[in-house]
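>>> what shape does this take:
(one chain, ligands or ions: 1)
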Amino acid sequence: MRSNNFSCTLCPRINKHFSVLKKNFPTYHNAPVTGRGNINSKICIVGLAPGLHGANKTGETFTGDFCSNILNTSLQQSNLYHSNQFYLTNALKCLPPYNKPLSSEIKQCSTYLSNELSLMKNLKVIIALGFIAHTSVLKSLQISLKSYKFSHSSIHNLGNIHMIDSYHCSRININTKKLTTNMLNMVFNQAKKYLN
Ligand code: SF4
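The predicted structure follows:
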């Protein structure tokens, strides 16, 4: 499923938001963005949603903005980038207003994440970037949220798959040092331990 032929109008608030974005940023993608990377890899990295001036502009997940640069650099430093050992996607395939999705939108979009995860036949590790990604992964796998609390660097055993939580690599988290590149590198290095 490529972003440029993926259309979805299931969330009315988000559709309305796109009509505003199309006026304000007419050259941007302004539509749902699906995952990118190697669907046969063992690692799936799940973010929140396309960034306004990142994937929502370029149409490619985790490209073009600050947090994409942080993530891609960390993947390179962890030796995962060049070996193409990852698949990148978001809990929400569309940019929600104020970057804050409603719980109904998270639930609605989790069917797409569920589909992506089911296509990843070699999947061993999911890295959830932030609480919403953590929640969405559990919803997608139909696992009760109560048993798994989000906290940075926690490793959750979900049967055949491990989920590792990380703070999102957003500009605010990086600028306030809530998340450093070293902390993110450590999460990727933790992930590598669960690949076999
Ligand atoms: S957020 Fe997901 S479910 Fe909602 S319109 Fe976008 S692709 Fe569809």
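
>>> so which bits of this protein are right by the ligand?
Cys8, Leu10, Cys11, Ile14, Pro32, Leu92, Lys93, Cys94, Glu105, Gln108, Cys109, Tyr112 (C-beta under 6 Å from any ligand atom). C-beta: built from backbone N, CA, C; applies to glycine.

>>> in contact with Ser154, which residues?
Ser154 makes contacts with Ile164, Asp165, as judged by C-beta atoms under 8 Å, 6 or more residues apart in numbering.

>>> need phi/psi at it.
When read as degrees, to the nearest 10, the backbone of Ser154 gives phi -70, psi 140.

>>> same check, this time on the one 5 residues further on
Dihedral pair for Gly159: phi 90, psi -110, per degrees, to the nearest 10.

>>> go on, Ala133?
Dihedral angles (degrees, to the nearest 10) for Ala133: phi -60, psi -40.

>>> which residues touch the closest residue to it other than its chain neighbours?
Closest residue in space to Ala133, ignoring its immediate chain neighbours: Val46 at 4.2 Å, by C-beta to C-beta, 6 or more residues apart in numbering. Taking C-beta under 8 Å, 6+ apart, we find Val46 in contact with Thr89, Asn90, Ala91, Leu113, Ile126, Ile127, Ala128, Leu129, Ala133, Ser136, Val137.

>>> circling back to that earlier point, out of the residues of the chain next to the ligand, which two sit at the greatest distance?
Using C-beta to C-beta, these span at most 13.0 Å, a distance reached by Ile14 and Tyr112.
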